[in-house]
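[1] Could you work out the structure for the sequence below:
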Amino acid sequence: MRFYSVKDRKMVEVPDSKVKALRYERMTRSGKKRVRYALQAEYAGRKLYKFVDEATYRRFVQLEGDLGSVEDILARYEARVGEVLREAAAQRGLDWDQMSDEERTAFVAEWIDD
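    A predicted model of the protein is given here:
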């Protein structure tokens with residue numbers, strides 16, 4: 001990956017294994033969440049930064065092993081949200097495990113709207 005070194009005033013090549021993916025989130029005045037993606041590398045004892053698009057960020061996150069496969073991401077998400085959805089369904093007298101996919105989708109859409 002190429003980074004611009006301000007001190008050296010030139011582009012420098014840094015191995016992908018030395019690059020770390022960063023994500024910056026902030027709330028705007030209007031209340032929207034703004035996300036920026038960056039890469040950080042160390043070169044000659046200095047930290048170099050480069051803002052990138054989301055696809056490039058995700059590629060480096062996967063290289064770091066933070067995200068893993070899509071199946072791993074979905075499994076972690078389901079484990080976190082599954083209990084909340086089961087509890088919400090039980091409060092409305094429904095059994096999450098007995099519901100079909102269409103019923104689950106309709107329930108989640110209604111639950112989010114509430």
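[2] low-confidence ranges in this protein?
    63-79 (pLDDT under 70).
[3] how about the helices of this structure, start to end?
    Secondary structure of the chain, counting by DSSP state H: helices at 54-64, 70-91, 101-113.
[4] Pick the most deeply packed of those.
    The highest mean neighbour count among the helices of the chain, using mean count of other Cβ atoms under 10 Å, belongs to helix 54-64: a mean of 14. The way it works is simple: take the backbone N, C-alpha and C, and place the C-beta from them, glycine included.
[5] send the alpha carbons of it over as CSV?
    The C-alpha atoms that make up helix 54-64 are tabulated as CSV, following Å, rounded to 0.1, in the frame of the first residue of the first chain:
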residue,chain,number,x,y,z
GLU,A,54,-15.3,1.4,2.7
ALA,A,55,-14.4,-1.4,0.4
THR,A,56,-10.6,-0.8,0.9
TYR,A,57,-11.2,-0.6,4.7
ARG,A,58,-13.1,-3.9,4.7
ARG,A,59,-10.3,-5.6,2.8
PHE,A,60,-7.7,-4.6,5.4
VAL,A,61,-10.0,-5.5,8.3
GLN,A,62,-10.3,-9.0,6.8
LEU,A,63,-6.5,-9.1,6.5
GLU,A,64,-6.3,-8.3,10.2
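[6] Let me know the angle separating the longest strand along the chain from helix 54-64.
    The longest strand of the chain (DSSP state E) is strand 33-43. Following axes from the mean of the first three to the mean of the last three Cα atoms, to 10 degrees, one obtains 50 degrees for the angle between strand 33-43 and helix 54-64.
[7] what separates strand 33-43 from the chain centre, distance-wise?
    Mean C-alpha position of strand 33-43 versus that of the full chain (Cα atoms, centre = their mean, to the nearest Å) differs by 13 Å.
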